[in-house]
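In: here is a sequence together with a model predicted from it:
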Amino acid sequence: MEDRIEKILKDANVPFEFIPLPEDLPVDVPSHMKFYRDTMQHALATMIYKTEKGFIAVSRRGDTKVNSKKLREFLGIKRLSLATEEEMTGLGLTPGLVPPLGLEIPLYVDKKVIEADYFYDGTGHKLFGLKMGVKDLLGVNKAIVGDFTTYEERYTKKRVLSGITPSGNTLHLGNYAGAVKPQFDLLEKGVESFYFVADLHALTTIQDRNRLEMCIINNVFDYIALGLDPEKGIYFRQSGVAEHSMLAIVLANYIPFGLTNRMHAFKDKLARGVSKEKINMGLFNYPILMAADILLYKPGGVPVGEDQRQHVEFARETARSFNKAHGEIFPIPDPLIEKGNMSKVVGTDGERKMSKSLGNVVTIFDEEEVIRRQIMGSYTDPNRKHASDPGKVDGNPVFIYHDIVNDDKAEVEDLKRRYREGKVGDVEVKESLFKAHMRKFAEARRKRKELENNIDMAREILEKGAEKARKVAEETIKEVYKIVGITNKLNS
Ligand code: AQP
């Protein structure tokens, strides 16, 4: 197979890559995609069908399945069945190994395939995988693009979604350990991941357009510097996909006032003495928009810190309420929350959750001197008066931070042991924490500096991501509008 494909691609002057596969790799799509450390959305499967008009080839994404009704309607045919092994052999094809190139029969490519920039093929092959660009695939084949698949639930179940409020250059160790790192780990494991910069949510507190724009761009710099690959994770700006707001308006009708009234974002403000007259409706409605943000993509999980559990629970309740009225439209997403100290990283005051608004943070991208001050000023064990007193390690902020940033686990264990025995002072623990922080984020800090003048690049990343996200969002809103009876051009 490789020779024929190689010739076609070389003749067409198209970039591609043949990837040697380990001999013991199981011959199935999920195993291949795991080997590539990529998601099922980047797998391509091509099948041969028999119709009354003759044989056709159909390419779909790995996380979708062909909807025969849609395909029959699209092709204007009545009969559709998968070709038998004999028929495939008659066409000179090997069952399970149909390349999306060099076919003598018409090729139809599902439109979800072109949401991605590249794809992997050859997942039925034992020796080689093929990676190439989607645009090139269409160019080489003169394939016809159509809309004839639906998402496979077992893969959307693995889809995750995370929102990040843009609030300046203040990403802290709490955000990192509770949300960013778990999000990146999931992407690394091949889970399809959506990340959005929640600019509409930011309006509850930021009402200055220049500041808001700066916060959004900073967020892109932070995420890219920390290693997000926007080719793999779908990274976009909430307002870039209008369906977030559209869905929120519909969902608001399925949520009781009483439940919204109990949400902590609103209650915390009241508790801090702000009068109801001064709290804007954006803050009150925050959980409704957040439910829409989540349900729009029908994810299986939402990786967040413990402080967001209540809001994910609210989204689950909203989904249940909508499903009760209209049938199983929304899967119920799970909150994916880290265990123990990382679910709610304590602040440098040793008391409350690390929060930018409380100022009890150890940030990631501030100047060295600022970070040194944050660390040196952190609480440790308040009952320990002298370096020779045995100290408490559990729940001690500086050791929690060591666990987050210090990859030299032997050093951490040694410090903890000596601390318990009263053989090390706070200053030494903090000095080594500062050094570990600088080591851990050296590359990210360097990269962020490099990115800083590249505002256009940041905007382009968000724009490209929004295009991809919109394709999923549009499907959900069409489905929802139809089911609740809002019929218009969108869904007719
Ligand atoms: N201390 C924390 N420990 C674990 N996870 C945390 N998160 C925030 N603080 C901690 C998680 O980080 C993600 C993004 O947070 P965000 O900035 O969008 O929202 P936030 O919770 O409002 O963060 P702050 O710093 O606490 O902001 P302020 O002070 O403005 O309210 C979320 O998943 C969050 O759970």
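Out: Thanks, I have the structure now. Numbers count the residues shown, from 1 in each chain.
In: tell me the contacts of the most far-flung residue of the chain relative to its centre?
Out: Largest separation from the mean C-alpha position in the chain: residue 388, at 46.7 Å (Cα atoms, centre = their mean). Counting by Cβ atoms under 8 Å, 6 or more residues apart in numbering, residue 388 touches 422-423. Just so you know, the C-beta spots here come from the backbone N, C-alpha and C atoms, and that holds for glycine as well.
In: distance check, it against the ligand.
Out: Distance from residue 388 to the ligand, counting by Cβ to the nearest ligand atom, to the nearest Å: 32 Å.
In: what's the answer for residue 80, then?
Out: Distance from residue 80 to the ligand, by Cβ to the nearest ligand atom: 45 Å.
In: burial count for that residue?
Out: Other residues within reach of residue 80, judged by other Cβ atoms under 10 Å, total 17.
In: and what of the one 10 residues further on?
Out: The number of residues packed around residue 90, counting by other Cβ under 10 Å, is 11.
In: ok, now which ones touch it?
Out: Contacts of residue 90 by Cβ under 8 Å, 6+ apart: none found.
In: following the helix or strand encompassing residue 119, which helix or strand comes up?
Out: Assigned by DSSP states H and E, residue 119 belongs to strand 118-121. As assigned by DSSP H and E, the chain's next helix or strand after strand 118-121 is strand 128-133.
In: residues touching that next one, excluding its own?
Out: 2, 5, 9, 14-21, 32, 35-36, 99, 117-123.
In: thought residue 199 was touching residue 214?
Out: No: Residue 199 lies out of contact with residue 214 (Cβ atoms under 8 Å); the separation is 11.6 Å.
In: among the two, which residue is more densely surrounded?
Out: The residue with more neighbours, out of residue 199 and residue 214, is residue 199; 20 against 16, by other Cβ under 10 Å.
In: what residues are up against the more buried one?
Out: 166, 212, 216, 237-239.
In: any idea how far it lies from the ligand?
Out: For residue 199, the distance to the ligand - Cβ to the nearest ligand atom - is 12 Å.
In: now do the contacts for the residue lying closest to residue 216 once chain neighbours are set aside.
Out: Using Cβ to Cβ, 6 or more residues apart in numbering and skipping residues adjacent in sequence, the residue nearest residue 216 is residue 166, 4.6 Å away. Counting by Cβ under 8 Å, 6+ apart, residue 166 touches 197-199, 202, 212, 215-216, 218-219.
In: how about the residues of the protein near the ligand?
Out: 164-165, 167, 174-175, 178-179, 304-305, 307-308, 344-345, 353-357 (Cβ under 6 Å from any ligand atom).
In: what subset of those residues is buried?
Out: Buried residues within those, counting neighbours by 16 or more other Cβ atoms under 10 Å: 164-165, 167, 174-175, 178-179, 304-305, 307-308, 344-345, 353-356.
In: for the residue nearest to residue 216, give its distance to residue 217.
Out: 8 Å (Cβ to Cβ, to the nearest Å).
In: residue of the stretch 251-400 of the chain nearest the ligand, please.
Out: Taking Cβ to the nearest ligand atom as the measure, the stretch 251-400 of the chain has residue 305 as its residue closest to the ligand, at 2.4 Å.
In: pLDDT value on that residue, please?
Out: What the model reports for residue 305 is a pLDDT of 89.
In: what sits against it?
Out: So residue 305 contacts 174-175, 178-179, 337-338, 343-345, 353 (Cβ under 8 Å, 6+ apart).
In: so what's the closest residue to residue 341 other than its chain neighbours up against?
Out: Residue nearest to residue 341 in three dimensions, not counting chain neighbours: residue 400, with 4.9 Å by Cβ to Cβ, 6+ apart. Neighbour list for residue 400: 341, 345-346 [criterion: Cβ under 8 Å, 6+ apart].
In: quick check, nearest of those residues to residue 285?
Out: residue 345 (27.9 Å; Cβ to Cβ).
In: re earlier: mind checking the SS state of the residue farthest from the centre of the chain?
Out: Of the three states, residue 388 takes coil according to DSSP: H, G, I helix; E, B strand; the rest coil.
In: what about the helix or strand of the chain with the lowest mean pLDDT, distance to the chain center?
Out: The helix or strand of the chain with the poorest confidence is helix 153-156; it has a mean of 73 (mean pLDDT, DSSP states H and E). Centroid separation between helix 153-156 and its chain, computed with Cα atoms, centre = their mean, to the nearest Å, is 15 Å.
In: which strands and helices sit next to the helix or strand following that helix?
Out: Downstream of helix 153-156, the next assigned helix or strand under DSSP H and E is strand 160-164. Judged by 3 or more Cβ pairs under 8 Å, 6 or more residues apart in numbering; DSSP states H and E, strand 160-164 is in contact with helix 181-188, strand 193-197, helix 281-295, strand 301-303.
In: check contacts around residue 53.
Out: Residue 53 touches 75, 77, counting by Cβ under 8 Å, 6+ apart.
In: and the gap between it and residue 75?
Out: For residue 53, the distance to residue 75 - Cβ to Cβ - is 8 Å.
In: ok, back up a step: what does the least confident helix or strand of the chain rub up against?
Out: Outside helix 153-156, the residues touching it (Cβ under 8 Å, 6+ apart) are 40-41, 62-63, 192, 298-300, 331.
In: could I get it in PDB with only the CA atoms?
Out: The C-alpha trace of helix 153-156 is given here as PDB (Å, rounded to 0.1, in the frame of the first residue of the first chain):
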ATOM      1  CA  GLU A 153     -21.100   8.700  22.200                       C
ATOM      2  CA  ARG A 154     -18.300   6.600  23.600                       C
ATOM      3  CA  TYR A 155     -15.800   9.200  22.300                       C
ATOM      4  CA  THR A 156     -17.800  12.300  23.200                       C
END
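In: quick check: closest non-adjacent residue to residue 71.
Out: What sits nearest to residue 71 in space, not counting adjacent residues and going by Cβ to Cβ, 6+ apart, is residue 148, at 4.0 Å.
In: residue contacts, the one you found?
Out: 58, 66-67, 70-71, 74, 108, 110 are the contacts of residue 148 under Cβ under 8 Å, 6+ apart.
In: right, and the pair among those residues with maximum separation?
Out: 67 and 108 (12.9 Å).
In: neighbour count for these two, which is higher?
Out: residue 108 (20 against 16).
In: how close does residue 429 sit to the ligand?
Out: Following Cβ to the nearest ligand atom, the distance that separates residue 429 from the ligand is 20 Å.
In: let me see the contact set for that residue.
Out: 380, 398-399, 402, 415, 419.
In: which one of those is nearest to residue 232?
Out: residue 402 (30.0 Å).
In: the closest one and residue 433 touch, don't they?
Out: Yes: with contact defined as Cβ under 8 Å, residue 402 counts as touching residue 433 (5.6 Å).
In: just put the contacts of helix 153-156 in JSON lines and tack on neighbour count, secondary structure and pLDDT.
Out: Below are these laid out as JSON lines (neighbours: other Cβ atoms under 10 Å; DSSP: H, G, I helix; E, B strand; the rest coil; pLDDT from 0 to 100):
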{"residue": "40", "neighbour count": "24", "secondary structure": "helix", "pLDDT": "87"}
{"residue": "41", "neighbour count": "23", "secondary structure": "helix", "pLDDT": "86"}
{"residue": "62", "neighbour count": "22", "secondary structure": "coil", "pLDDT": "91"}
{"residue": "63", "neighbour count": "23", "secondary structure": "coil", "pLDDT": "88"}
{"residue": "192", "neighbour count": "26", "secondary structure": "coil", "pLDDT": "91"}
{"residue": "298", "neighbour count": "21", "secondary structure": "coil", "pLDDT": "95"}
{"residue": "299", "neighbour count": "27", "secondary structure": "coil", "pLDDT": "94"}
{"residue": "300", "neighbour count": "20", "secondary structure": "coil", "pLDDT": "91"}
{"residue": "331", "neighbour count": "17", "secondary structure": "coil", "pLDDT": "91"}
